[in-house]
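# Generate a structure from the sequence data that follows.
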Amino acid sequence: MFTTTTTFIVYIFGMLVIGIIAARSTSSLNDYVLGGRRLGKVVTALSAGASDMSGWLLMGLPGALYTTGISASWIAIGLTCGQWCNWKFVAARLRSFTANAADSLTLPDYFAARFQDRTRMVAVLAALIILLFFVVYCASGMVSGARLFEQTFGMDYSNALLIGAASTILYVFIGGFLAVSWTDTVQATLMAFALVITPIIVFADAGGPGAASEAVSAANPDLMAFMKGISLVSIISFAGWGLGYVGQPHILVRFMAARSVRGMGGARRISISWMVLCLTGAVLIGLYGNAFALRHPEISISNPEQIFIIITQTLFTPWVAGILLSAILAAIMSTLSCQLLVASSTLTADFYRRLIRKNAGQNELVWVGRLTLLMVAAIAYVIATDPNSGILRLVSYAWAGFGASFGPAVVLSLFWRGMNLKGCIAGMIAGAATVLVWEQFQWFGLYSLVPGFIISSVAIVLVSVLTARADDPCRELFGRLENQFWDEVKDH
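Okay, the predicted model is just below:
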């Protein structure tokens, strides 16, 4: 216990030091929100990956594989395909469009500039959607942290929740975007190490990969069947997770913060390689956690989402276990920190600066950003106080909300000249409403992101076509942004 505690304290202290260093480079809202748009390709790549893969990577996903079997890996397949498309088709364009459309700092900022909305209606709507789903997303990260401290140190849930949340909030509060991005790079490395070494030790404990597979098959053959027992609707739902990438503000902001469109190809290769490595490790840990459970019947696994923690505490020495368990904390902190920052940035840039204090100074805006961060964290904390909250359930809800609300709007705004303001607003409302309603009824067992994405896309196209004007300034702006993008590509 002492060894693990020491490792956690050293890790958290290191993150706070990075936050303090980053604070010295944070003097404006641009610095606090986007790090001055000066992230290199390695930091951009690993930061995008780490901010994406929250505690669900080491807890929620292994738990799903442990319970459902190899068929749940369709989630990993869908995510990998979706993120590759996001990097390939969205990343560079979004970096260029946001920089050239009034130097947009946030997604709501971009929508308002792209569709020439002087009333800021679309920005306010987008900001409200971000706040709605991000408090749920942040709550999932806090639940992950609570589960980690609860299992590792035997704490009661309420104390574990408080410590886990405070660990992340403090360094984001101090350093802003640079602190989040720099720590994400460290955290991504630690996560990859944990997800490579742990499956190897699980196989060794079981007598090798073959013996582990035989043990799992003998216990329940369906766990090793990639297609057996899974319906077409389930496959679509699992794979449909990939649609969500193009609408996640905490991932898209990494593209916006890149130094330039130059290096996006290299960043994509780094990020996808890291992602495949981590997802494969998580799948193996969850699936072959069943072999571990058979070899250690004396160990109770009441919560499948804690299988990685239990394996680590059982098969590794205390010092190594402390390092590997810090990887869960890294996954939690990396995503939660980015989500809190994006939510607070939205409140600061799209509400306070636009509607309350238009002439606010940069130092004032940075401090408002910090205070609104605490406010968002407090709301998420209240949601997370329910000890029965499921990590994957909370993540899937928020992921669907963002993917359906913003995904079609982002993609079509980058590629279709005919999209207009009314279409954008209609698409965001349709996507968010579909997810909110679908999640209550779970029709056909289909993941709400899939119908939400489709209905949002249809709404954008239909409304844009029906309200089209030949003199719409959005068309001219799109042409300029498109030309500037290709000029940047040619320059590099």
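# Give me the buried positions along stretch 475-486.
In terms of neighbour count (16 or more other Cβ atoms under 10 Å), stretch 475-486 has its buried residues at 477-478, 481-482, 485. Backbone N, C-alpha and C define where each C-beta goes, glycine included.
# out of the residues you listed, who's nearest Tyr245?
Phe485 (20.1 Å; Cβ to Cβ).
# so which strand or helix has that closest one?
helix 473-491 (DSSP states H and E).
# Next, the residues that contact that helix from outside, please.
92-93, 96-97, 100-101, 114-116, 260-261, 417-421 (Cβ atoms under 8 Å, 6 or more residues apart in numbering).
# hmm, try it at 7 Å
93, 96-97, 100-101, 114-116, 260-261, 417, 420-421 (Cβ atoms under 7 Å, 6 or more residues apart in numbering).
# pLDDT check: weakest of the residues you listed?
On pLDDT alone, Ser260 ranks lowest of the contacts of helix 473-491, at 76.
# Would it be right to say that that one lies in a helix?
No. Ser260: not assigned to a helix; according to DSSP: H, G, I helix; E, B strand; the rest coil it is coil.
# Against Ile309, how distant is it?
Here Ser260 is placed at a distance of 41 Å from Ile309 (Cβ to Cβ, to the nearest Å).
# Out of those two, name the residue with the larger neighbour count.
Neighbours per residue, other Cβ atoms under 10 Å: of Ser260 and Ile309, the larger number sits with Ile309, 22 against 16.
# how close does the residue nearest to the more buried one when sequence neighbours are not counted sit to Gln339?
The shortest distance from Ile309 to any non-neighbouring residue, by Cβ to Cβ, 6 or more residues apart in numbering, is to Gln151 (4.8 Å). Using Cβ to Cβ, one gets 23 Å for the distance from Gln151 to Gln339.
# The two: which is more packed in?
Gln339 (32 against 21).
# and Ser234, what pLDDT?
84.
# any idea how far Phe441 is from it?
Distance from Ser234 to Phe441, by Cβ to Cβ: 17 Å.
# can you check Thr372 too?
In terms of Cβ to Cβ, Thr372 sits 34 Å off from Phe441.
# cool, and Trp486?
45 Å.
# ditto for Lys358
43 Å.
# circling back to that earlier point, element containing the residue nearest to Ile309?
Going by DSSP H and E, Gln151 is part of helix 121-153.
# Which elements pack onto that helix?
Where contact means 3 or more Cβ pairs under 7 Å, 6 or more residues apart in numbering; DSSP states H and E, helix 121-153 is packed against helix 107-114, helix 157-206, helix 307-315, helix 318-346, helix 362-384, helix 391-415, helix 421-441.
# If we go by neighbour counts, what in it is buried?
So, applying 16+ other Cβ under 10 Å, buried residues of helix 121-153: 122-131, 133-152.
# Just the mean pLDDT for that helix, thanks.
Here the average pLDDT along helix 121-153 is 83.
# before we move on, back to that, what I need now is the helices and strands packed on helix 121-153 written out in TSV, including distance to Ser271 for each item.
Shown next, in TSV, are these (distance: least, Cβ to Cβ, whole Å):
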stretch	distance to Ser271
helix 107-114	20
helix 157-206	9
helix 307-315	22
helix 318-346	13
helix 362-384	26
helix 391-415	18
helix 421-441	25
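# Leu79: which of those is closest?
helix 391-415 (9.7 Å).
# next one: that closest one to chain centre, how far?
11 Å (Cα atoms, centre = their mean, to the nearest Å).
# Pick out the residue closest to the middle of this structure.
The chain has Asp52 as the residue nearest its centroid, 3.1 Å off, counting by Cα atoms, centre = their mean.
# Verify the contact between that one and Ile251 for me.
Yes. Using Cβ atoms under 7 Å, Asp52 is in contact with Ile251, at 5.4 Å.
# quick one: contacts for the closest residue to Leu449 other than its chain neighbours?
Closest residue to Leu449 apart from its sequence neighbours, by Cβ to Cβ, 6+ apart: Ala400 at 3.8 Å. Ala400 sits next to 244, 435, 447-449, 452 when contact means Cβ under 7 Å, 6+ apart.
# ok, and the most crowded of those residues?
Busiest of those [other Cβ under 10 Å] is Gly452, holding 31 neighbours.
# Would you quantify the distance from that residue to Arg295?
Taken as Cβ to Cβ, the span from Gly452 to Arg295 is 42 Å.
# so where's the stretch 1-150 of the chain uncertain?
Scanning the stretch 1-150 of the chain for pLDDT under 70 picks out 1-2, 15-16, 18-40, 43, 47-48, 50-51, 54-55.
# Just the buried residues of stretch 78-88, please?
78-80, 82-84, 86-87.
# just stretch 364-380 next, same as before
Within stretch 364-380, judged by 16+ other Cβ under 10 Å, the buried ones are 365-366, 368-370, 372-373, 376-377, 379-380.
# Go ahead and measure how far it is from the middle of the chain.
The answer for stretch 364-380 is 19 Å, by Cα atoms, centre = their mean.
# same question, stretch 119-137
16 Å.
# Using PDB, write out every CA atom in it.
Provided in PDB are the C-alpha atoms of stretch 119-137 (Å, rounded to 0.1, in the frame of the first residue of the first chain):
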ATOM      1  CA  THR A 119     -26.600  37.300 -33.600                       C
ATOM      2  CA  ARG A 120     -24.300  34.500 -32.200                       C
ATOM      3  CA  MET A 121     -27.400  32.300 -32.000                       C
ATOM      4  CA  VAL A 122     -25.500  29.300 -33.400                       C
ATOM      5  CA  ALA A 123     -22.600  29.900 -31.000                       C
ATOM      6  CA  VAL A 124     -24.900  30.000 -28.000                       C
ATOM      7  CA  LEU A 125     -26.700  26.800 -29.100                       C
ATOM      8  CA  ALA A 126     -23.400  25.000 -29.600                       C
ATOM      9  CA  ALA A 127     -22.200  26.200 -26.200                       C
ATOM     10  CA  LEU A 128     -25.300  24.900 -24.500                       C
ATOM     11  CA  ILE A 129     -24.900  21.500 -26.200                       C
ATOM     12  CA  ILE A 130     -21.300  21.400 -25.100                       C
ATOM     13  CA  LEU A 131     -22.200  22.200 -21.500                       C
ATOM     14  CA  LEU A 132     -25.000  19.700 -21.500                       C
ATOM     15  CA  PHE A 133     -23.000  16.700 -22.600                       C
ATOM     16  CA  PHE A 134     -19.700  17.600 -21.100                       C
ATOM     17  CA  VAL A 135     -20.900  17.600 -17.600                       C
ATOM     18  CA  VAL A 136     -22.000  14.000 -18.200                       C
ATOM     19  CA  TYR A 137     -18.600  13.200 -19.900                       C
END
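# That's all I had, so thanks and see you.
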